[in-house]
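A.B. asks: quick one, fold the following:
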Amino acid sequence: MAPLPGRRDRVSYTGAMPTARVVAVAPGSPAADAGLLPGDELLTLNGEMVRDVIRYQIQADEPRVELEVRRGGLEQLITVEKAAGAPLGLDLASAVFDRVRTCDNHCPFCFIYQLPPNMRKSLSLKDDDYRLSFLYGNFTTLTRFTEADLERVVTEQLSPLYVSIHATDPDLRARLLRNRRGATSLRWLSALLDAGIEVHGQVVVCPGINDGAVLDDTLLGVLDRFPRLATVGVVPLGVSDHTREAEMRAHTIGEARAVVGTVDTWQSRFLDALGRRLVFASDEYYLLAGFDFPALDTYDGCLQHENGIGMARTFEAEVLAALTGDVVVPTGVRSGFFAAVDGAPAEGYRAPRTTAVTLTRKVEARPIGIVTGELGARVLEPLVPALGERAGVAVRLVRVPNAFFGGNIGVTGLLAGADVAAALAAQPDGDRYLLPDVVLSRGRFLDGETVAVLPRAVEVVATDGAALVHAVSR
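C.D. replies: Numbers count the residues shown, from 1 in each chain. Next up, the predicted model:
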């Protein structure tokens, strides 16, 4: 292939190389002014063949960006002049342009193995890609991590990262991951921490396997080997009706209480040794145990909020602040590099929901039903009287059992459209129904349904306390 006119130090390539596909161009943006169009494939930026939005962002931040573009099978060079750091104005089809590094573990507790049949393929992708850990907060086991990955993470300061630990005993970790590399891959965690990378860890507790004395040993291992971890979240095993793993089961109340007790004990030890709590039990553990949630200020900033740690207390604080007229800044989506990535598509909990209903006029006073999962209902229940007082009408919870997944799955974010529809069908017509947007991703429930299938009209409300207070106050 002949070089393009005016191109210097051009990167040559052969075969099927990674490309970034443009899905939208912001009107009036530097990219639009330069003539970029939806459907264009970006081959190189400033002579570099970029494999993900991280490198894309680094090159796109330059005041002069040369883009090698393929359009309709033809290649051309487009130059964009702009202020340094200003976004190009492109929306891209994916965050990773080459192949996502998939997971080669076979963890018996993996929720992907517990999905009902015939679900969308996108929901069945198991990734173990450190880039998605950096961009979206996904947890990686590091079993596919390499020396080259470490060099890139350190050089480009890709921080924070999120690492699945589960156990610090090598043999047990290999058993839990069903991967012999699980016994040794935590050496990469040590290397990351030695290089000053911020890392958050997670332990999924499987009753009878890595709880009890094993959990004690794991947290001792954290203190001994990984004391520079930013946080460690301890979360319970989720078991759907579709699991095929006989030894995977839900916690008993006693087991949940024992885990909370172990975490409390180790928080005190970490405070004494490190001056911070480091380890935190998820909100679900307190619900399973029947315990009150700890005070919000004991979560040390709720750095694993999106992992369900401190979420309940944060939501409560947002509701109470909004009810008293205080300014509320919603908590939850972690800040950092992702917020500045021009063009990266939102995925997972960042995916666009359905646009919340915004009414500028006061709606007719009608009873209000707040749609929620069974665990969410236990968080909301103490707040209902105050919400009803603010609304001036009866406010109730519409609890939705999760028949789609079954098992012990009770979090609101995993509700399917069919289950919400069944619960609403039993509710009176004419009331207002508030649906939290956390149940939707790109406007669809997990089972692919949309709000159009629901038998009652709903108002989609952002999943934070201030938005809920605003909604009931209309």
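
A.B. asks: how is this structure partitioned into domains?
C.D. replies: Listed by automatic domain parsing, the domain ranges of the chain are 20-92, 111-340, 351-472.

A.B. asks: tell me the first helix or strand C-terminal of the lengthiest helix in the chain.
C.D. replies: In the chain, assigned by DSSP state H, the helix with the most residues is helix 253-274. Later in the chain than helix 253-274, the nearest helix or strand by DSSP states H and E is strand 279-281.

A.B. asks: can you give me the neighbour number for E75?
C.D. replies: For E75, the neighbour count with other CB atoms under 10 Å is 14. Glycine gets a C-beta too; all of them are placed from N, C-alpha and C.

A.B. asks: got the CA positions of the helix or strand that contains it in PDB?
C.D. replies: Assigned by DSSP H and E, E75 belongs to strand 74-81. C-alpha atoms of strand 74-81 as PDB (Å, rounded to 0.1, in the frame of the first residue of the first chain):
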ATOM      1  CA  LEU A  74     -10.700   4.100   0.900                       C
ATOM      2  CA  GLU A  75      -8.100   5.600   3.200                       C
ATOM      3  CA  GLN A  76      -7.400   9.200   3.700                       C
ATOM      4  CA  LEU A  77      -5.600  11.500   6.100                       C
ATOM      5  CA  ILE A  78      -7.600  14.100   8.100                       C
ATOM      6  CA  THR A  79      -5.900  16.700  10.200                       C
ATOM      7  CA  VAL A  80      -7.700  18.300  13.200                       C
ATOM      8  CA  GLU A  81      -6.500  21.600  14.700                       C
END
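
A.B. asks: what's it packed up against?
C.D. replies: For strand 74-81, the packing partners by 3 or more CB pairs under 8 Å, 6 or more residues apart in numbering; DSSP states H and E come out as helix 30-34, strand 64-71.

A.B. asks: now the ones you listed as TSV including distance to A426, mean pLDDT and mean neighbour count?
C.D. replies: Putting those into TSV (distance: least, CB to CB, whole Å; pLDDT from 0 to 100; neighbours: other CB atoms under 10 Å) gives the following:
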stretch	distance to A426	mean pLDDT	mean neighbour count
helix 30-34	50	95	19
strand 64-71	54	96	18
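
A.B. asks: out of those, flag the one nearest R257.
C.D. replies: helix 30-34 (55.7 Å; CB to CB).

A.B. asks: who touches that closest one?
C.D. replies: Where contact means CB atoms under 8 Å, 6 or more residues apart in numbering, the residues beyond helix 30-34 that reach it are V25, A26, I78, T79, V80, E81, K82, A86, P87, L88, G89, L90.

A.B. asks: how about a cut-off of 10 Å?
C.D. replies: Residues outside helix 30-34 that contact it (CB atoms under 10 Å, 6 or more residues apart in numbering): 22, 24-27, 36-37, 40, 60, 65, 67, 69, 78-83, 86-91, 342-343.

A.B. asks: which stretches of the protein have low pLDDT?
C.D. replies: In the predicted model of the chain, residues 1-17, 121-124, 327-363 satisfy pLDDT under 70.

A.B. asks: now do the helices in it.
C.D. replies: In the chain, the helices defined using DSSP H lie at 30-34, 53-60, 130-136, 147-156, 170-177, 186-194, 212-225, 253-274, 283-289, 311-323, 374-380, 384-391, 417-425, 465-472.

A.B. asks: just want the angle from the fifth one to helix 212-225.
C.D. replies: In this case it means helix 170-177. 110 degrees (axes from the mean of the first three to the mean of the last three CA atoms, to 10 degrees).

A.B. asks: can I get helix 170-177 in PDB, CA atoms only?
C.D. replies: Once non-C-alpha atoms are left out, helix 170-177 reads as follows in PDB (Å, rounded to 0.1, in the frame of the first residue of the first chain):
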ATOM      1  CA  PRO A 170      -2.200 -19.900  46.700                       C
ATOM      2  CA  ASP A 171      -3.800 -23.400  46.500                       C
ATOM      3  CA  LEU A 172      -7.200 -22.200  47.500                       C
ATOM      4  CA  ARG A 173      -7.100 -19.300  45.100                       C
ATOM      5  CA  ALA A 174      -6.200 -21.600  42.300                       C
ATOM      6  CA  ARG A 175      -9.100 -23.800  43.300                       C
ATOM      7  CA  LEU A 176     -11.600 -20.900  43.500                       C
ATOM      8  CA  LEU A 177     -10.500 -19.600  40.000                       C
END
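
A.B. asks: other SSEs contacting that helix?
C.D. replies: Counting contacts by 3 or more CB pairs under 10 Å, 6 or more residues apart in numbering; DSSP states H and E, helix 170-177 packs against strand 161-164, helix 212-225.

A.B. asks: the ones you listed: which one's closest to F445?
C.D. replies: Ranked by CB to CB, the member of those that lies closest to F445 is strand 161-164, at 25.7 Å.

A.B. asks: other SSEs contacting that closest one?
C.D. replies: Here strand 161-164 touches helix 130-136, helix 170-177, helix 186-194, strand 199-205, strand 231-236, going by 3+ CB pairs under 10 Å, 6+ apart.

A.B. asks: please tabulate these in CSV, including the columns distance to E389 and mean neighbour count.
C.D. replies: Compiled in CSV, these are given as follows (distance: least, CB to CB, whole Å; neighbours: other CB atoms under 10 Å):
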stretch, distance to E389, mean neighbour count
helix 130-136, 39, 23
helix 170-177, 48, 19
helix 186-194, 49, 18
strand 199-205, 38, 23
strand 231-236, 34, 24
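
A.B. asks: could these be laid out in a markdown table, adding distance to Y286?
C.D. replies: Below are those laid out as a markdown table (distance: least, CB to CB, whole Å):
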| stretch | distance to Y286 |
| --- | --- |
| helix 130-136 | 26 |
| helix 170-177 | 24 |
| helix 186-194 | 28 |
| strand 199-205 | 14 |
| strand 231-236 | 11 |
